[in-house]
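>>> no sequence on this one, just coordinates:
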């Protein structure tokens, strides 16, 4: 009589090595910095438009 076959162990995903993790963190930090830059430019632009509109309304005849 043969013994019952044991089910194969579930394959665990390979652990990312430290270098890959560091690259991922560096890329995430870079993208987050770009998001802050875009937000800053957007808010700055809104203020410029608002000041131009205030100037136009005050100087309208």
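It's in. Not measured: the values here are computed from a predicted model.

>>> Output the below-cut-off pLDDT ranges for this structure.
Residue ranges of the chain with pLDDT under 70: 1-4, 7-16.

>>> now do 90
1-19, 61 (pLDDT under 90).

>>> can you give me the strands in it?
Using DSSP state E, the chain contains no strands.

>>> where along it do the helices fall?
Counting by DSSP state H, the chain has helices at residues 18-58.

>>> so how far is stretch 37-46 off the chain centroid?
17 Å (CA atoms, centre = their mean, to the nearest Å).

>>> Check stretch 52-61 too.
The answer for stretch 52-61 is 39 Å, by CA atoms, centre = their mean.

>>> got a list of contacts for that stretch?
Among residues not part of stretch 52-61, none is counted as a contact by CB atoms under 8 Å, 6 or more residues apart in numbering. All C-beta atoms are positioned from the backbone trio N, CA, C, and that covers glycine.

>>> Adjust the sequence numbering to begin at 18 for everything that follows.
With the count now opening at 18, the last piece we talked about shows up as stretch 69-78.

>>> Could you pull up the contacting residues of residue 64?
Contacts of residue 64 by CB under 8 Å, 6+ apart: none found.
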